[in-house]
Structures are given as structure tokens and as C-alpha cells.
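> Output the structure for:
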Amino acid sequence: MRLLARQGLPEPGVEIVEVIAGIRFADLDPAHVVPNAGPMQIQGVWFPRLNL
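Sure, this is the predicted structure:
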């Protein structure tokens, strides 16, 4: 939640329903999340790509 707050998220009126830790790359949506994700080696919010 601190990483999201540092990026000004969530936007007003948007509710975060769930934050899931420990997700494997293979578990991500290959058609949407994978091509739009930033590098996971860099700490931060990597989807949407805010860590670059």
C-alpha cells in the first residue's frame, strides 16, 4: 500500500479491492499484464508500469 500511495494511488473514487503478494510471473495475464508491466527487478509498482 505504501508503494501505491507513493505514486498517488488509488485515484479519488477508486477503491483497492485486493493487493496480492508473492505472485509468480507465470500467473499473470499474458495478453494484458505481461506486455504492460515494468521490470520486476526494480522495486515499485510494476503494473501499471510506474517503476521506471
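
> Let's see the pLDDT reported for Ala51.
For residue 51 the amino acid is Asn, not Ala. What the model reports as pLDDT for Asn51 is 65.

> what separates stretch 32-44 from the chain centre, distance-wise?
7 Å (C-alpha atoms, centre = their mean, to the nearest Å).

> before we move on, what about stretch 29-46?
7 Å.

> oh, and call the first residue 42 from now on, that's how I've got it
Noted, 42 is the first residue going forward, which turns the last one into stretch 70-87.

> If we go by neighbour counts, what in it is buried?
By neighbour count on 16 or more other C-beta atoms under 10 Å, the buried set for stretch 70-87 is Ala78, Trp87. No exception for glycine: its C-beta is placed from N, CA and C like everyone else's.

> From the opening residue of it to its closing one, how far?
Terminal residues of stretch 70-87 lie 14 Å apart, using C-alpha to C-alpha, to the nearest Å.

> Just the pLDDT for the residue in the chain sticking out farthest from the centre.
Ranked by distance from the centre of the chain (C-alpha atoms, centre = their mean), the top residue is Gly54, with 18.3 Å. Note for Gly54: predicted pLDDT of 89.

> same thing with the one 3 residues further on?
Looking at Ile57, its pLDDT stands at 82.

> Equivalent analysis for Pro71, please.
91.

> repeat for the one 5 residues further on
pLDDT, the model's per-residue confidence, is 84 for Pro76.

> tell me which element it is part of?
helix 74-77 (DSSP states H and E).

> same for that helix, what does it pack against?
Judged by 3 or more C-beta pairs under 8 Å, 6 or more residues apart in numbering; DSSP states H and E, helix 74-77 is in contact with no other helix or strand.

> Can you pull out the residues in contact with it?
Phe66, Leu69, Phe88, Pro89, Arg90 (C-beta atoms under 8 Å, 6 or more residues apart in numbering).

> Now tabulate these in CSV and tack on neighbour count and distance to Gly79.
Shown next, in CSV, are the contacts of helix 74-77 (neighbours: other C-beta atoms under 10 Å; distance: C-beta to C-beta, whole Å):
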residue, neighbour count, distance to Gly79
Phe66, 10, 13
Leu69, 14, 12
Phe88, 16, 7
Pro89, 12, 8
Arg90, 12, 4
